[in-house]
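1. from the sequence below, what's the structure:
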Amino acid sequence: MEIISLRGPQNSGKTTTLTIVHDKLLKQSSQNSNNCFKEISNGDFLDVIEYNGRKVGIVTQGDYSRGECSVKNHLRELKNLGCDVAICACTIGYGKDSIQAAINAYPMHDYIEKKRVDDATLYDTANHEDANKIMALLNLQKVLFVLLNEYTDWEGAFLSTALHVGVIPGSEIKYRVHTVAPTLDAVCSIGGFKTLPDYSFENMPKDYAALVLIGGNRWDSPEAELVAPLVQEALDKGKIVGAICNGASFLCAHGFLNNVKHTGNGLDQLKQWGGEKYTNEAGYVEAQAVSDKNIVTANGVGHLEFTREMLLLLKANTPKKIADWYDFYKNGFVKQ
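-> Here you go, the predicted model:
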């Protein structure tokens, strides 16, 4: 379960702001989930709402660190109700550290800072602005990066950074980056970076925009075979699939490139990996990266071109801004 927490001092408007969020969710959602609305006390409440295919829980009470009304207990209740996301309040101040600790116990959590507004004429505006921040965070789509042990760390670095902080500094952020691995155990790159994945193959979310297969030395291993049904499901649902280096070879080996133009680490390697399952030699393009339909492929040193094509397909920014991004990283500060 992911957590979005509105963090601030007592009497700063957290309950009011979360009530605004609740109203927005109700207006934009399909339905409440099994009539979960529950009044707690002093105007605070807990509810679960179906929103964009996910169960979103919201609880406004965030003052207590112990007992039945503690944030820890509320989050446990929302998790037991099957929520994908929980929105909660987090009161800060003396004796409140355990509230934040309860939230931090969930690996995927974000905080939005709530400041006390003393000017009454600005109170409503500030609350609505903070509510919009929560909604914006809630509406970010996921891009899932599949990592196996001995993954090539540079191949996804440019794409993940552009998605996480924006194609251009200060530009709109539309996606959240998450990592997926066979289990929740850390995976190690060929450069020695250890990554603790957000999800395993068993608990990865269904609501995502793209599945990205990062290359490495284990794409011909038994654990890699577990990725094939994930790719098939993604393609069946019209998701974007990106694969670079041996990730592209893996797609070839399972017949996923037979109906699209594509590239990889050379035609000979694709034929070797694909064998009889590879029936689209005519679709091979000798290029750093190729985008066709909703599949992007690249060779192992085509990470910049791979990033460019993925950003374009995801519409992460305008084509002009993406072209500027590519030019900067391809040619650097100093133009020869």
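
2. output the contacting helices and strands for the host helix or strand of residue 230.
-> Assigned by DSSP states H and E, residue 230 belongs to helix 228-236. Contacts defined by 3 or more Cβ pairs under 8 Å, 6 or more residues apart in numbering; DSSP states H and E place helix 228-236 against strand 210-213, strand 240-244. All C-beta atoms are positioned from the backbone trio N, CA, C, and that covers glycine.

3. pull out the buried positions in that helix.
-> Within helix 228-236, the residues that count as buried by 16 or more other Cβ atoms under 10 Å are 230-231, 234-235.

4. and which of the residues you listed is nearest residue 263?
-> Within those, distances to residue 263 taken as Cβ to Cβ reach their minimum at residue 231, with 17.2 Å.

5. which ones are touching the closest one?
-> Neighbouring residues of residue 231 by Cβ atoms under 8 Å, 6 or more residues apart in numbering: 211, 213, 241, 251, 254, 256.

6. ok, it to residue 308 distance?
-> Going from residue 231 to residue 308 by Cβ to Cβ, to the nearest Å gives 22 Å.

7. just flag the most distant two among the buried residues of helix 228-236.
-> 230 and 235, at 9.9 Å, using Cβ to Cβ across those.

8. what about residue 278, neighbour count?
-> For residue 278, the neighbour count with other Cβ atoms under 10 Å is 22.

9. for it, list the residues it contacts.
-> Counted by Cβ under 8 Å, 6+ apart, residue 278 has contacts 252-253, 255, 257-258, 270-271.

10. show me where this structure has helices.
-> For the chain, the helices defined by DSSP state H occupy 14-28, 71-80, 97-104, 120-138, 154-165, 222-225, 228-236, 246-253, 267-274, 303-314, 319-331.

11. what's the burial count for residue 153?
-> Residue 153: 16 neighbours (other Cβ under 10 Å).

12. look up the closest residue to residue 55, ignoring the ones flanking it.
-> Leaving aside its sequence neighbours, residue 55 sits nearest to residue 83 (Cβ to Cβ, 6 or more residues apart in numbering; 4.7 Å).

13. circling back to that earlier point, let's have the buried residues of helix 228-236 in TSV, adding distance to residue 77 and pLDDT.
-> TSV is the format used below for those (distance: Cβ to Cβ, whole Å; pLDDT from 0 to 100):
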residue	distance to residue 77	pLDDT
230	31	98
231	36	98
234	32	97
235	37	97
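
14. among the residues you listed, find me the one that's closest to residue 12.
-> residue 234 (41.9 Å).

15. tell me the contacts of the closest residue in space to that closest one that isn't next to it in sequence?
-> Once flanking residues are discounted, residue 234 sits nearest to residue 211: 4.6 Å by Cβ to Cβ, 6+ apart. Contacts for residue 211 (Cβ under 8 Å, 6+ apart) come out as 144, 146, 230-231, 234, 239-242.

16. give the residue spans of the stretch 1-150 of the chain that score low on pLDDT.
-> 30-34 (pLDDT under 70).

17. and stretch 189-200, how far out from the chain's middle?
-> Distance, stretch centre to chain centre, for stretch 189-200: 16 Å (Cα atoms, centre = their mean, to the nearest Å).

18. in it, what's buried?
-> By neighbour count on 16+ other Cβ under 10 Å, the buried set for stretch 189-200 is 189, 195, 197-199.

19. now for those, which pair is the farthest apart?
-> Going by Cβ to Cβ, the pair spanning those furthest: 189 and 199, at 17.8 Å.

20. export stretch 78-98 to CSV, keeping only CA atoms.
-> The C-alpha trace of stretch 78-98 is given here as CSV (Å, rounded to 0.1, in the frame of the first residue of the first chain):
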residue,chain,number,x,y,z
LEU,A,78,-7.2,0.6,5.3
LYS,A,79,-4.6,-2.0,4.3
ASN,A,80,-7.0,-4.8,5.5
LEU,A,81,-9.7,-3.2,3.4
GLY,A,82,-7.5,-3.8,0.4
CYS,A,83,-6.5,-0.2,-0.3
ASP,A,84,-3.9,0.4,-3.0
VAL,A,85,-3.3,4.0,-1.7
ALA,A,86,-3.9,5.5,1.8
ILE,A,87,-4.2,9.3,2.3
CYS,A,88,-3.7,10.3,5.9
ALA,A,89,-2.8,13.2,8.2
CYS,A,90,0.4,13.3,10.1
THR,A,91,0.6,15.7,13.1
ILE,A,92,4.2,16.9,13.9
GLY,A,93,5.5,18.3,17.1
TYR,A,94,6.5,17.2,20.5
GLY,A,95,5.7,13.6,21.2
LYS,A,96,4.5,12.9,17.7
ASP,A,97,7.5,11.1,16.2
SER,A,98,5.9,7.7,16.4
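
21. identify each buried residue in it, please.
-> Buried, per 16+ other Cβ under 10 Å, within stretch 78-98: 78, 81, 83-92, 96.

22. in strands only, show me the residues you listed.
-> Members of the buried residues of stretch 78-98 lying in strands (criterion: DSSP state E): 85-91.

23. pick the one among the residues you listed closest to residue 302.
-> Nearest member of these to residue 302, counting by Cβ to Cβ, is residue 85, at 35.1 Å.
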